[in-house]
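Student: Return atomic coordinates for the entry below.
(3 chains)
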Amino acid sequence: MSKDKDSKEIQGYRQQPGKLPFSKPGSGGKNSFSKPIDLENIPVSQNGRKDQPWGPHRHDSLISGQVIGRPTALVDSAWKVTGQAQYGDDIRLPNELIGRIVRSPYHYAKILSIDCSDALNLPGVVAVATGIDAKNKFGVLPVTKDEHAMAVDKVRHAGDLIACIAAENENIAREAERLIKIEYEILESIHDIEDGLEDSEYPIHDRGQYHIGNSNIQKRVFQEFGDISSLEKNTVASHRSNWTFAGVNHGFTEPHAVVANWSPDGRLTLYTPQQVPHYVHRSLADVLEIPMHQINVHRTFVGGGFGGKSDPFPHEMCAAILARKSGRPVRITFDREEVFWVNRGRHPSKIEMNLHADSEGRICGIETDALIDGGGFASFGHVTTYYNGVLHTAPYEIGSFHYTGARVWTNKPASGAMRGHGAVNSRCAVEVGLDDLAEKLEVDPITLRLANLLPPHSATITGFRVTSIGMRECLERVKKESGWSEKFRKMPLGKGIGVGCGFFISGSGLPIHWDPNKFPHATVHLKIDMDGGVTIHTGAAEIGQGSDTVVSQSVAEVLGLPLDMIRIRSRESDTSPVDLGSYSSRVTFMNANAAISAAMKIRDELIKAASDITGASLNSLIVGDRRIFDKNDPAIGVSYLEALHKSQEEKGALISSGAYRTPPMGKTHKGAAAGLAPAYSFSAYVAEVSVDIETGKTTVDKVWAAHDCGKALNPLAVKGQIIGSCHMGLGQVLSEEMRYGRSGHLMNPDFLDYKIPSIHEMPEVIPIIVESNDPEGPFGAKEAGEGPLLPILPAVCNAVYDAIGVRTEELPITSEKVFKLVEKKCRLQGISNPLDLKSPRLEFSDLQNTLDKRAQLHSKRDIERRLNSNREEYYNGAIFGLEPTKSPEEIDDNWSVRVIPEENYLLSPRLAGSAWKHIERRNMGD
Amino acid sequence: MVEFRLPMLPQPGEVVWSVKINGIDVKLNIESNAILLDVLRDQAGSLGTKRGCDMGTCGCCSVLVDGEPRLSCLTLAAELNGHEITTVEGLANGHHLHPIQKTFTEFGGSQCGFCTPGFLVVSSALLSENNDPTDEEIKTAIEGNLCRCTGFQQIVDSIRAASDIIKENNSIEDSTSAKSNPHPGFMEGG
Amino acid sequence: MPPFELYTPDSIEQALEISGNLSRENKEFDWIAGGTDLLPNYKWHINSKNYVISLSSIDELRKLNNVHIGATVSIYDLANSPTTHPVLAKAANSIASVMIRRSGTVGGNICLDTRCYWLNQSETWRESIDWCHKCDCGTGADCRVIPNQNTLCVATYQADLAPVLMCLGAEIHLLSHKGKRSMKLEDFFELDGIKRNVLFPGEFITHVSIPNDSAEWIGDYQKLRQRDSWDFPEAGVAVLWKTNPDNTIKDLRIATTGLESIPAIHHKEVGEALTSWKGEDSVDDLADSIRKAVKPVQNTWFSPNYRKKMVKVLTKRAFGNLLVE
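Tutor: This is a model prediction of the structure:
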């Protein structure tokens, strides 16, 4: 500091460095001086030093360098580590009753009578309710409301709800369960997924005129896009497989729990660990026949969701009904077994996968048939049926896409949404198929992928708008860091390496239960009073993924504040703006965008106040650490609190509201909205495994996991999501399955036999974050919660092939299954000792060069497209020589767009495709 | 179908239970067959001790009995008369977190947080026995605890980081100390 | 948890007095030590009794040295004690998870209740299969594993310590208000998933004694399971041998667990193999004869066929050290 500068006279609001002005009311605390702006964290577009290989972003000017991009502890973590976080069962209200649910022991039965008198006569039993107490149906999707609080006419799976009891304590409630007498008429139950396709005497549900024949088909989808007619002619290599995927459960550690309380003013408060409080809110209103404003849904801490706490649940209705009847608060907590009865886990599925490549190593066709087992209720199944198809139309450019999907009801606990909703199983089949296709084409499977990627700012074959895409970087990074080229098809017997990719929606473009033309997807309110602390109101459901943290970070970043000045209120529907909840990986994208927009309004007011005080022009003022100052002369400026107080002079507390709505996009065919998202995440994993050839035991040794999340707002949380996804995906690939016995019973509704990998099964995971800077994402961010699960399954399956040369078409690949595959291979090769098997090896063909060259060209193309804002349109199909700037169906007569099968398809349909043989009742005539 | 369910009533007789929970003497009347987890949650006010599976397969209910990790869901409370019990609520010293609590927040050891109390209790016991555990020792110590969110890796990172804090004898700041000043002055250089 | 009265005696005498009184009053009761096996079953209402006597406060039952293992020594302490035979320590360390090992006891592990997919379920669940023969006998329920019979129970014994202890020649010591008795551990078990062992109501294990020559026995314990934590053995093989100074086999014992309703020591197969021992080739034949000797059923995670085949692999692997030397 020069003497000369020091002695200068302070003019106007020029502050003396290192000297505090008079303190303002409410100020004090640590860090008395504003930190200098960290240029390493400011993008080059704003004259900072942070590289932007993907170009500038619309939020660049809002970056104050405070919190975004820094590993950040979750803002609610102090509650969790001290044991003070209250989850569902931790809500203890005075005078509470304990609720228990009476469940069906039968898979499928008519209820003839229920006699509750003995139970009601038991001292200590306060209320009993049955199906007649709540006849209105509900369900997460408005088109498929098929659930009741308790069975009204029949039970649809063992464990289905029949009655509920509120008693003074758990022992009395459990005793009362024994005393409820129920007469049943047992109906013939359906357990095999294929039986669901057939006509049945008593279909599990009745959809009225929309019922599909007399079958148990809940939803069927037919989609055909692209150049189907020349597929046969162009194909030089094909892959075909028939997969069987066991159902899996979310396995969150917190069992469902709920507390219902009617306050003296006649309003209901429901305390529930929910991912989607808003849909519970709607369903409660339907079932209880009261308006929504009479209900306050209070989301407790959520002990893991993963999709399993996103339906409105019957037990939530039961608690409200019992509390209404008894006049006292009612708490219901599940045993672990009951969690499996309510399920909503990943659908057991049978998937036929066909992939075709042409002589140029292009993917000229994908034909998929997916039959999924919905269990007893619709849940999210309508969407799942679409997702099994449409979520594998990227990241590759494809010549044609044919998808038939069907979801059937069976007498099992309902399947629903689970992390990677609908995309996981078919993605596994596609990626294993590509590995096989590469083998047949004699090329490297990573090169095959690199030479067939969609570019940034393009459209998929089904018309999804792809914006940023970091797929290529993901693949290149895992290839390099895993040492792929030295290992692939070169390792000794029993050691293998495999690759898998994935892509996933970052928020659903057309949300459930919402009119996109009238309401935003997400809304965030901010309130700042004279103390300077910022209160955020959002309905985004914090479920452990860091939703509260990311919204807080976004506001803190824009306002230039440290996180300790932000407090978030996201629990209660009474005080939060409506939010659609934590599903479809929408929270970061939509809520952080809404938060930014709300914070921008406050920021504008603060800058205006600072300008009024200092006289500096609005354009020259920027927001730094708790200070607003002239970017050309940082000494000219005011503290955050000064600006705040100035802007409060006329109107009191600053209040703003911000919202986000997806732009119009996508095509118009039936089902075009399913899978549509404002952005997509991409990921590529390489897994290295050891297979014990004598026992079949697969050990995953190491995983390189690259995920394109656009921009890691909180790298600590993104890495946590990647590693956690690997763990969950490994469970599905190695050991997790909902195993049904020969009499249709779920054999393993407990954590001993439902085998979630322990720490000993967990490999080292190297999380690699790729930042493709999505133009619409908040600060460039996209999702990181679900997409990272997809690639681990196929990467492991492909690594097992590399290790021992057997391909599985069944998950999980328990050691027993691998052992059987090895045995079979030995038998076929006439080998008695499996240790004598040969490791798979691969000599590349000439095509490898062609693909390498194309990948290099495309790499250049992609960089150009991502940086050039005047880029032209790019439609899927260009790689096959079509005009890239035109939608192919407009220019190519052979390019089909079909969502209903033609008659000749029905002559020999695939498995799920055969669902189209039935006629909807309304079309049956007379 | 035969009616065969076992009766849940009459409830068993009560016994006097005297223990020390988190350093405080506690005297309660508990049912003779009471499970420690139920007593802690329903009677002793330790709602931080979680019920995940109730069958010994998740570790969420772990507590320390005389310093040793135990599954409270598989422990009969009456057997512990006269013993000392530590739950997650007993780890911090006032508003100074235990190092393991601090590092679980900073290194991502806790996501949804439901399994966290169990992991904290078990790893605090590990670190008080051995302040410099190897990766294998850490893995074995927490092999009975299930986490569905983190994939364990950031939990192991957190334990390692806590071990560093303990080895270096660093203290953890009081969480009630003053937070940021909203009215800072200007420091040149930015 | 079904209602029961718990007794917590702090001496053997007190325990015998309580058990004697209950027996005289014809009141059924269970012993409990670690509780890691009994309590989950009780929570599922599997064969719960109205009275339970806890052995956990009796210090005399917790003695541990190289020849004496008290019944309520925790599996954790057994596994980590320097006096424990290394193969026994390996087996102990492989049991369930460290949290279970902290609570679970040696006596409890030896007496581990037999397990079955159709048994270890909640009361509601068992009701849905119209009950299970093993725990709901009053109903005359059928066996779901081998239908149309309710005489023999085929639930599986899935404990790890017994096979190693049997190979070491351990003796087990029992006590009741009627007196004490001792026997070879291999004579302790009685075939049937319900009966399981020779203990009569009121009798409990005080300790296991290990013969003095245990240090001369070397070998290995190998087990099959899906996960390396929590899971019960789907098959377990203990192979222990003594060698002559010239490294030839002097004696050999093999015992298996996790395959039938009781653990088995395979004297016959080993005896036949030893009469014409030819090193590595004999190992293969012997492993194959062990495979043939075991008769698993379909009531655990892996199929019986796979478990049988793995018995052969595990047996050969357990011999690994012998062949190296």
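
Student: what residues go with each domain of the chain?
Tutor: Since you didn't name a chain, this refers to chain A. A:88-189+A:254-303+A:309-342, A:349-510+A:669-883, A:517-660 (automatic domain parsing).

Student: um, chain B though
Tutor: B:14-88, B:99-167.

Student: mind listing what the closest residue to residue C:75 other than its chain neighbours touches?
Tutor: Nearest non-adjacent residue to residue C:75, counting by CB to CB, 6 or more residues apart in numbering or on different chains: residue C:101, 4.2 Å away. (C-beta placed from N, C-alpha, C; glycine too.) Neighbouring residues of residue C:101 by CB atoms under 8 Å, 6 or more residues apart in numbering or on different chains: C:74-76, C:79, C:92-93, C:95.

Student: List only buried entries from these.
Tutor: Buried subset of those (neighbour count, 16 or more other CB atoms under 10 Å in any protein chain shown): C:74-76, C:79, C:92-93, C:95.

Student: which residues of chain C fall in helices?
Tutor: C:12-24, C:38-43, C:75-80, C:86-93, C:98-103, C:106-110, C:123-128, C:161-167, C:267-275, C:280-293, C:304-318, C:320-324 (DSSP state H).

Student: which of the residues in the helix or strand harbouring residue A:706 are buried?
Tutor: Under the criterion of DSSP states H and E, residue A:706 resides in strand A:698-708. By neighbour count with 16+ other CB under 10 Å, strand A:698-708 contains the buried residues A:698, A:700, A:703-708.

Student: swap in stretch A:166-179?
Tutor: By neighbour count with 16+ other CB under 10 Å, stretch A:166-179 contains the buried residues A:166-167, A:170-179.

Student: Stretch A:143-163 now?
Tutor: For stretch A:143-163, using 16+ other CB under 10 Å, the buried residues are A:144-151, A:154-163.

Student: Tell me where the model's unsure across the chain.
Tutor: Looking at chain A here, since you left the chain open. For chain A, the stretches flagged by pLDDT under 70 are A:1-12, A:512-517, A:926.

Student: To clarify, I was referring to chain B.
Tutor: Looking along chain B with the criterion set at pLDDT under 70, you get B:1-3, B:189-190.

Student: tell me the strands in it, going along the chain?
Tutor: Remark: strands assigned in chain B by DSSP state E are B:14-21, B:24-31, B:62-65, B:68-71, B:84-86.

Student: any chance of these in a markdown table, plus distance to chain C and mean neighbour count?
Tutor: Listed next are those as a markdown table, based on distance: least, CB to the nearest CB, whole Å; neighbours: other CB atoms under 10 Å in any protein chain shown:
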| stretch | distance to chain C | mean neighbour count |
| --- | --- | --- |
| strand B:14-21 | 8 | 16 |
| strand B:24-31 | 8 | 14 |
| strand B:62-65 | 7 | 25 |
| strand B:68-71 | 5 | 24 |
| strand B:84-86 | 14 | 21 |
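
Student: which one of those strands lies closest to residue C:317?
Tutor: Closest to residue C:317 of the strands of chain B is strand B:68-71 (CB to CB; 31.7 Å).

Student: still on that earlier bit, which one of the domains of chain B is the most hemmed in?
Tutor: domain B:99-167 (a mean of 24; mean count of other CB atoms under 10 Å in any protein chain shown).
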